[in-house]
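> Okay, structure incoming, though there's no sequence with it:
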Ligand code: SF4
């Protein structure tokens with residue numbers, strides 16, 4: 001693996017096997033795909049459709065829903081039909097634990113309507129039962145032509161496998177520490193299950209792997225190892241990342257390191273939403289992570305200074321927020337009418353110190369007046385001073401200039 005350009009930028013992407021999920025390619029060099037998951041009761045068709053629509057509009061390219069009961073399984077084809085009628089074409093992934101084999105057997109329309117099945121190798125049963133139930137799930141994937149994600153998780157590790165590795169470890173001359181044994185169990189759970197799926201007849205191009213933990217360093221170690229030991233497409237996510245800024249920071253730290261090393265084909269940011277906050281936040285964080293790393297572009301990004309004692313008011317911070325929300329809201333329309341608008345850069349700055357310089361680096365930027373400066377706000381377009389805004393309508397006029405720039 002090498003740096004793509006003189007130690008600048010991410011390492012060359014690790015090439016994995018491509019997997020197509022309802023028309024969306026994951027792996028095989030495709031751009032890193034953003035996915036998310038609903039938190040509604042899947043049996044509640046109206047609420048689930050509404051939330052899938054919100055996630056899709058925010059930019060989620062795949063959406064996973066839990067399928068935990070016969071009611072939830074029966075709701076899946078109705079959800080998929082409703083979404084299609086509303087013009088929402090996003091592949092829906094079924095998240096199965098414990099009883100997936102029974103639900104797919106009992107609801108063939110669910111098995112057909114889902115674009116992918118997520119199987120947790122840690123909870124499909126134990127011993128012989130596990131072999132049979134896992135095999136049944138894979139046979140459904142083969143029968144219905146669906147890809148699967150074999151998603152191992154630290155919180156639901158295959159206990160038989162963990163016990164086996166602990167026994168093996170006890171025989172070592174230099175035993176590993178407990179953390180390393182558990183990481184190995186997680187990796188082997190994914191790899192051995194994938195191997196079994198291939199032996200059962202599922203093509204390797206229909207398998208995605210994940211091995212999620214909730215610690216940043218553990219996640220980096222697990223995925224580095226996983227990516228060296230197989231060429232299956234990889235789904236990245238820090239599980240149980242947490243609430244608020246902790247979840248955002250921990251996920252970004254872990255996934256940022258891995259993406260920089262060229263590891264990862266699809267990502268989910270697993271945030272616990274703040275009470276009352278929208279589920280779409282996890283999609284926005286995933287997009288911003290990929291975009292700030294220069295891996296993909298989804299929406300124009302606003303550069304803004306933090307403000308300091310030179311700022312006369314919080315107006316520029318409000319303006320930065322209004323501008324970011326405006327361009328994000330416009331993207332679904334601009335994506336069709338003005339492809340490439342997502343690459344545009346904007347700047348909203350608080351005073352003359354860095355304002356004109358940063359604004360000149362952006363496609364369109366504004367430098368608001370700081371303490372002691374004349375009450376005027378020069379606007380820079382493609383590096384050149386364009387107009388100067390004054391008065392009470394600066395926000396509206398600047399947004400008008402952004403729209404004109406996109407239209408031009
Ligand atoms: Fe402060 Fe001006 Fe720098 Fe903004 S650009 S942080 S207002 S000195």
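Now that the structure is in, tell me what you want to look at. Quick caveat: nothing in here was measured; it's all calculated off a predicted structure.
> what about the closest residue to residue 314 other than its chain neighbours, which SS state?
Spatial nearest neighbour of residue 314, chain neighbours left out: residue 307 (7.3 Å); criterion: Cβ to Cβ, 6 or more residues apart in numbering. All C-beta atoms are positioned from the backbone trio N, CA, C, and that covers glycine. Secondary structure assignment for residue 307 (DSSP: H, G, I helix; E, B strand; the rest coil): coil.
> So which bits of stretch 175-190 are buried?
Neighbour counts over stretch 175-190 (16 or more other Cβ atoms under 10 Å) mark 181-190 as buried.
> Show me those residues that map onto helices.
Under the assignment DSSP state H, the buried residues of stretch 175-190 contribute 181-190 to helices.
> The ligand: which of those residues is nearest?
Distance to the ligand across those (Cβ to the nearest ligand atom) is lowest for residue 183, with 42.8 Å.
> dump the residue contacts of that closest one.
213, 218, 221-222, 225 (Cβ atoms under 8 Å, 6 or more residues apart in numbering).
> Also residue 142?
With Cβ under 8 Å, 6+ apart, residue 142 has these contacts: 200-202.
> Out of the residues you listed, list just those in helices.
Per DSSP H, the contacts of residue 142 map to helices at residue 200.
> Separate out the buried members of the contacts of residue 142.
When the contacts of residue 142 are checked for burial by 16+ other Cβ under 10 Å, the buried set is residue 202.
> Present the contacts of residue 142 as a markdown table; the columns should include pLDDT.
Converted to a markdown table, the contacts of residue 142 look like this (pLDDT from 0 to 100):
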| residue | pLDDT |
| --- | --- |
| 200 | 97 |
| 201 | 98 |
| 202 | 98 |
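> will you turn the contacts of residue 183 into JSON lines that also has distance to the ligand and secondary structure?
Below are the contacts of residue 183 laid out as JSON lines (distance: Cβ to the nearest ligand atom, whole Å; DSSP: H, G, I helix; E, B strand; the rest coil):
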{"residue": "213", "distance to the ligand": "38", "secondary structure": "coil"}
{"residue": "218", "distance to the ligand": "37", "secondary structure": "helix"}
{"residue": "221", "distance to the ligand": "38", "secondary structure": "helix"}
{"residue": "222", "distance to the ligand": "39", "secondary structure": "helix"}
{"residue": "225", "distance to the ligand": "42", "secondary structure": "helix"}
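> got a list of what the single nearest residue of the stretch 1-150 of the chain relative to the ligand touches?
In the stretch 1-150 of the chain, no residue comes nearer to the ligand than residue 8, which is 26.0 Å away by Cβ to the nearest ligand atom. Listed by Cβ under 8 Å, 6+ apart, residue 8 has no contact partners.
> which residues are contacting stretch 37-47?
Counting by Cβ under 8 Å, 6+ apart, 48, 50-52, 55, 63-69, 71-72, 74-76, 78-79, 82, 95, 268, 270, 273, 279 sit against stretch 37-47.
> how about a cut-off of 7 Å?
The set of residues external to stretch 37-47 that reach it, using Cβ atoms under 7 Å, 6 or more residues apart in numbering, is 48, 51-52, 63-67, 69, 71-72, 75, 78-79, 82, 268, 279.
> Just the ones of the residues you listed in helices?
Using DSSP H, those in helices are 48, 51-52, 71-72, 75, 78-79, 82.
> of the contacts of residue 142, list those near the ligand.
Checked against the ligand using Cβ under 6 Å from any ligand atom, the contacts of residue 142 give no members in range.
> re the thing from before, show me which of the contacts of stretch 37-47 are buried.
Counted by 16+ other Cβ under 10 Å, the contacts of stretch 37-47 give 48, 51-52, 63-67, 72, 75, 78-79, 82, 268, 279 as buried.
> contacts for the helix or strand residue 247 falls within?
For residue 247, the host element (DSSP states H and E) is helix 244-260. Helix 244-260 is contacted from outside by 10-11, 32, 216, 219-220, 223, 236, 238, 241-242, 264, 267, 269, 271-272, 274, 285, 289, 293, 295, using Cβ under 7 Å, 6+ apart.
> Go through these and flag which are in strands.
Among these, the members falling in strands (DSSP state E) are 10-11, 236, 242, 267, 271-272.
> out of these, which is most surrounded?
residue 267 (26 neighbours; other Cβ atoms under 10 Å).
> residue contacts, that one?
32, 34, 236-237, 255, 286 are the contacts of residue 267 under Cβ under 7 Å, 6+ apart.
> Do you know the pLDDT at the nearest residue to residue 369 once chain neighbours are set aside?
Closest residue to residue 369 apart from its sequence neighbours, by Cβ to Cβ, 6+ apart: residue 375 at 5.4 Å. With respect to pLDDT, residue 375 scores 91.
> Number of residues surrounding residue 310?
16.
> what's the answer for residue 391, then?
That count, for residue 391 with other Cβ under 10 Å as the rule, works out to 9.
> for residue 356, same thing?
17.
> Not counting its neighbours along the chain, what's nearest it?
residue 367 (5.1 Å).
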